[in-house]
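Asker: Sequence plus predicted model, see below.
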Amino acid sequence: MRETEAKSDLLARAHALPKVLLHEHLDGGLRVGTLLELLREKGLTPPAPDARALAAWFDANAHAGSLLKYLEGFALTVEAMSSPAAMRRVAREAAEDAHQQGAVLAEFRIAPLLFETHGVGGEAAVESLLEGLADSPLPLLRQSGLIVCAMRHLPPEQTERAARLAIRYRDQGVVGFDLAGAERGHPPAQHARALHLARDAGLGITLHAGEADVAERVLEAGRLGARRIGHGVRLADALHDPARRDMVAEVVSLGLHLEICPTSNVHTGAAPSVAAHPITELWQAGVSLSYHTDNRLMSCIDHGSEAFELLHQTLLTEADLLAMALQAARHSFLPDAARQAAQTALKQWV
């Protein structure tokens, strides 16, 4: 009974912590009920008959030990939300959920060009998503922003198209540019021109790196202009290799910030468990980092539960998580006023 009460108290404290959300994919974070409704509106047959069964379907995929099974849900969500109205709803609800979880600042990401095959152009997709965020409890550019992703397995001309799309909406709520998708075999240097376009236009650069590929990809991303790294957990391998420890020092000297998603990393095979996740040793080594949800629907997680798992299964404390949130706010791509307001809110809570 005491253990149950202790866990309940810890969960309540984890949910109450103020948070900064930098890494969440909109097409991986739909509410289960919303997904079910959108599928039915399009005349699509869901893989389960009701919300509870559909949630169980995603949970089974998350724990299948297969990246392919984990990614299976994205084909479903992209098709379901392929209309301007659905995109507005998904973005608005994502911001509502982040706000309910204690976010004082949130950035959401998506690859808008994925929706072209479903009849929604990139411009219409971005505009709809921005409208949804603007109509949320986290006002656009004051507490929220959108990161445009390009899919790194595509030819460079396609990632350059995504970069130009991001640049077009730079002053309207798009705050960053990312390379997502299959990492191994598709290093960021293949898309150097797209990265240069986005960086020279003043967009923040965050690249998925060092999750499914080696630690060296983290440094490669930083040298190409990234200020933040999506995941970056393989950097911990360098901590155990004397010949590569200087890589960690360079990451610190470059001022790179890692957007770590512990539960998702377990589900995709990048970490064996939350307890054994390298977030703790990277934090103790002085690497700037913070914790995020990645794909709430796919991983059946929310930001409060993510905080709880870290507090429950690792040596990290509430003070550590608050310090991470402060670092995340400092590394946000939102305007300076938004970053400062978020940091003030975090410090006041402390």
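Answerer: It's in. Numbers count the residues shown, from 1 in each chain.
Asker: which stretches of this protein form strands?
Answerer: For the chain, the strands defined by DSSP state E occupy 19-21, 103-110, 144-151, 174-180, 204-209, 228-231, 257-260, 288-291.
Asker: closest one to Leu30 among these?
Answerer: strand 103-110 (11.4 Å; C-beta to C-beta). All C-beta atoms are positioned from the backbone trio N, CA, C, and that covers glycine.
Asker: Run through the neighbouring helices and strands of the closest one.
Answerer: strand 19-21, helix 84-100, helix 122-134, strand 144-151, strand 174-180, helix 318-330, helix 336-349 (3 or more C-beta pairs under 8 Å, 6 or more residues apart in numbering; DSSP states H and E).
Asker: how far off helix 336-349 does it point, in degrees?
Answerer: 130 degrees (axes from the mean of the first three to the mean of the last three C-alpha atoms, to 10 degrees).
Asker: Next one: the residue nearest to Ala162 when sequence neighbours are not counted relative to Asp50, how far apart?
Answerer: Leaving aside its sequence neighbours, Ala162 sits nearest to Ala150 (C-beta to C-beta, 6 or more residues apart in numbering; 3.6 Å). Distance, Ala150 to Asp50, by C-beta to C-beta, to the nearest Å: 36 Å.
Asker: Of these two, which one has the most company?
Answerer: Taking other C-beta atoms under 10 Å, Ala150 and Asp50 do not tie; Ala150 has more neighbours (27 against 12).
Asker: surely the more buried one meets Ala194?
Answerer: Yes: if you go by C-beta atoms under 8 Å, Ala150 and Ala194 touch, sitting 6.2 Å apart.
Asker: Find the residues that touch each one of these two.
Answerer: Between them, Ala150 and Ala194 have Thr159, Ala162, Ala163, Phe177, Leu179 as joint contacts when contacts are counted by C-beta atoms under 8 Å, 6 or more residues apart in numbering.
Asker: isn't the fourth one right next to Gly202, touching?
Answerer: No: between Phe177 and Gly202 there is no contact under C-beta under 8 Å: 10.5 Å.
Asker: more crowded one of the two?
Answerer: The neighbour count for Phe177 versus Gly202, taken as other C-beta under 10 Å, is higher for Phe177 (31 against 11).
Asker: Okay, Leu297 and Asp135: tell me how far apart.
Answerer: 21 Å.
Asker: quick one, which of the two is more surrounded?
Answerer: The neighbour comparison of Leu297 against Asp135 (other C-beta under 10 Å) goes to Leu297, with 24 against 15.
Asker: contacting residues for Trp57?
Answerer: When contacts are counted by C-beta under 8 Å, 6+ apart, Trp57 touches Pro47, Ala48.
Asker: again with Pro47
Answerer: So Pro47 contacts Leu54, Trp57, Leu76 (C-beta under 8 Å, 6+ apart).
Asker: again, 6 Å this time
Answerer: By C-beta atoms under 6 Å, 6 or more residues apart in numbering, the contact list for Pro47 reads Trp57.
Asker: hmm, back to that, tell me the bridge partners for the residue nearest to Ala162.
Answerer: According to DSSP bridges, the residues that bridge with Ala150 are Leu179.
Asker: Ala238 is in contact with Met247, correct?
Answerer: Yes: applying C-beta atoms under 6 Å, one finds Met247 in contact with Ala238, separated by 4.4 Å.
Asker: More neighbours: which of the two?
Answerer: More neighbours surround Ala238 than the other of Met247 and Ala238, with 25 against 18 (other C-beta under 10 Å).
Asker: Can you give me the distance of the more buried one to Val251?
Answerer: 9 Å.
Asker: picking that back up, export the helices and strands packed on strand 103-110 to TSV and tack on distance to Gly304 and mean pLDDT?
Answerer: Formatted as TSV, these follow (distance: least, C-beta to C-beta, whole Å; pLDDT from 0 to 100):
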stretch	distance to Gly304	mean pLDDT
strand 19-21	8	98
helix 84-100	9	98
helix 122-134	21	98
strand 144-151	18	98
strand 174-180	24	98
helix 318-330	11	98
helix 336-349	15	97
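Asker: quick one: which of these is nearest Gly43?
Answerer: Going by C-beta to C-beta, the one of the helices and strands packed on strand 103-110 nearest Gly43 is helix 84-100, 13.6 Å.
Asker: Kindly calculate the angle that that closest one makes with strand 144-151.
Answerer: Using the same axes, to 10 degrees: helix 84-100 against strand 144-151 is 120 degrees.
Asker: Counting neighbours, which bits of helix 84-100 end up buried?
Answerer: Across helix 84-100, burial judged by 16 or more other C-beta atoms under 10 Å covers 84, 86-99.
Asker: cool, and stretch 155-162?
Answerer: Gln158, Thr159, Glu160, Arg161, Ala162.
Asker: where in the stretch 1-150 of the chain is pLDDT low?
Answerer: 1-3, 5 (pLDDT under 70).
Asker: Number of residues surrounding Ile301?
Answerer: Count around Ile301 with other C-beta under 10 Å applied: 23.
Asker: before we move on, what about Lys347?
Answerer: 12.
Asker: cool, and Arg52?
Answerer: 10.
Asker: before we move on, what about Ala285?
Answerer: Neighbours of Ala285 (other C-beta under 10 Å): 18.
Asker: show me the contacts for it.
Answerer: Counted by C-beta under 6 Å, 6+ apart, Ala285 has contacts Leu239, Val248.
Asker: Please report how far it lies from Arg330.
Answerer: From Ala285 to Arg330 the distance is 19 Å (C-beta to C-beta).
Asker: next one: Met247
Answerer: 23 Å.
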